[in-house]
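Trainee: Here's my sequence, what's the structure:
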Amino acid sequence: MTSNTQKPDENRSKRKKEMENEGSENPQSSFLDKTDVAFSEGSQSLYKPEPLEKVLNEMNKEIMNLLSKYAHILRQRAAMDASYVQELDGILKEARTIENHLKQKKESLKQRFTVIASTLQS
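Mentor: Take a look at the predicted model:
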C-alpha cells in the first residue's frame with residue numbers, strides 16, 4: 001500500500017517539475033522571440049538609405065574638415081621652413097662677406113709686415 005501512495009505523489013511531483021520546466025522555458029522562448037523581433041526591427045532601421053546617407057555625408061564633411069586643417073598646418077610649416085631657409089641664406093651670405101673681409105685684412109697685414117720687416121733689415 002505504501003507503494004501505491006508513493007506513486008501518485010511521485011507522479012504529482014514529476015508533473016509539477018515538468019510544468020515548472022515548461023513555464024521556465026516559455027519565458028525564455030518569449031524573450032528570444034522579443035529579441036528577434038527587436039533585432040529585425042533594428043536591422044531594418046539600419047538599412048534605411050536616408051540615415052545611412054546622412055551618416056556618410058556627415059563623416060565625409062568631418063573628414064574633409066580634418067584634411068583641410070591638416071593641409072593648412074602643412075602650408076604653415078612649409079612657409080615657416082621657407083622663412084628658415086631664407087634666414088639661413090642670409091646668415092650664410094653674411095658669413096661669406098665676413099670671411100672675404102677677413103681674408104683681405106689678412107693679406108693687408110701680411111703686406112704691412114713684409115714692408116716693416118724689409119725696412120728693419122735695411
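
Trainee: For Leu92, grab the count of nearby residues.
Mentor: Neighbours of Leu92 under the rule other CB atoms under 10 Å: 10. All C-beta atoms are positioned from the backbone trio N, CA, C, and that covers glycine.

Trainee: ignore the last one, Val115
Mentor: Val115: 10 neighbours (other CB under 10 Å).

Trainee: For the helix or strand that contains it, give the mean pLDDT please.
Mentor: Taking DSSP states H and E as the definition, one finds Val115 inside helix 49-121. Taken as a whole, helix 49-121 has an average pLDDT of 94.

Trainee: helices and strands around it, which ones?
Mentor: Here helix 49-121 touches no other helix or strand, going by 3 or more CB pairs under 8 Å, 6 or more residues apart in numbering; DSSP states H and E.

Trainee: hmm, who's touching stretch 55-68?
Mentor: By CB atoms under 8 Å, 6 or more residues apart in numbering, no residue outside stretch 55-68 reaches it.

Trainee: could you dump that stretch to PDB, C-alpha only?
Mentor: Output in PDB follows, covering the C-alpha atoms of stretch 55-68 (Å, rounded to 0.1, in the frame of the first residue of the first chain):
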ATOM      1  CA  VAL A  55      25.900  59.500 -41.600                       C
ATOM      2  CA  LEU A  56      28.100  59.000 -44.600                       C
ATOM      3  CA  ASN A  57      27.700  62.700 -45.600                       C
ATOM      4  CA  GLU A  58      28.500  63.800 -42.000                       C
ATOM      5  CA  MET A  59      31.500  61.600 -42.000                       C
ATOM      6  CA  ASN A  60      32.600  62.900 -45.300                       C
ATOM      7  CA  LYS A  61      32.200  66.500 -44.100                       C
ATOM      8  CA  GLU A  62      34.200  65.700 -41.000                       C
ATOM      9  CA  ILE A  63      37.000  64.000 -43.000                       C
ATOM     10  CA  MET A  64      37.200  66.900 -45.400                       C
ATOM     11  CA  ASN A  65      37.300  69.300 -42.400                       C
ATOM     12  CA  LEU A  66      40.200  67.400 -40.900                       C
ATOM     13  CA  LEU A  67      42.000  67.200 -44.200                       C
ATOM     14  CA  SER A  68      41.700  71.000 -44.700                       C
END
